[in-house]
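Asker: Any chance you could fold what I've pasted below:
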Amino acid sequence: MEDQKKWHVAWARFSGFQTAPPSGWDAQTVEDFHEVLTALEAASGDDLTAFRIPQSRMKPQETSWNTMTGQATYTDELYCDPQYARRQVEGVAAYFADSNPLKKR
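Answerer: I've put the predicted structure just below:
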């Protein structure tokens, strides 16, 4: 019964990312997403490393462009491209679409 509870809680948390994706994927949001993946891994026994957002995908965002100098200003904080993050979320959904990991055991 505890495995089912773990799975349902983890899946509900993941569903939040899928149905109401964050408008921006800053470092904290990515960390939150990774915590959800860790919970799904613990509940399912599956390795979801492929769906994590690598540090190499985290970049500063352009905040302004100076037309006189031709230089951009960037944030100090790192962000993930929202389209890439959305693909990772949808990948997790597709991975589990046809199976409930609790049935595998």
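
Asker: Nearest residue to the residue positioned nearest the centre of the chain in space, please, no chain neighbours.
Answerer: Nearest to the mean C-alpha position of the chain, counting by Cα atoms, centre = their mean, stands F33 at 4.0 Å. Leaving aside its chain neighbours, F33 sits nearest to F17 (6.0 Å; criterion: Cβ to Cβ, 6 or more residues apart in numbering). Just so you know, the C-beta spots here come from the backbone N, C-alpha and C atoms, and that holds for glycine as well.

Asker: so where does that neighbour fall, helix or strand?
Answerer: Assigned by DSSP states H and E, F17 belongs to helix 2-19.

Asker: Could you pull up the mean pLDDT of that helix?
Answerer: Mean pLDDT, taken over the full extent of helix 2-19, equals 91.

Asker: So which elements touch that helix?
Answerer: With contacts defined as 3 or more Cβ pairs under 8 Å, 6 or more residues apart in numbering; DSSP states H and E, helix 2-19 has these neighbours: helix 27-44, helix 82-96, helix 101-104.
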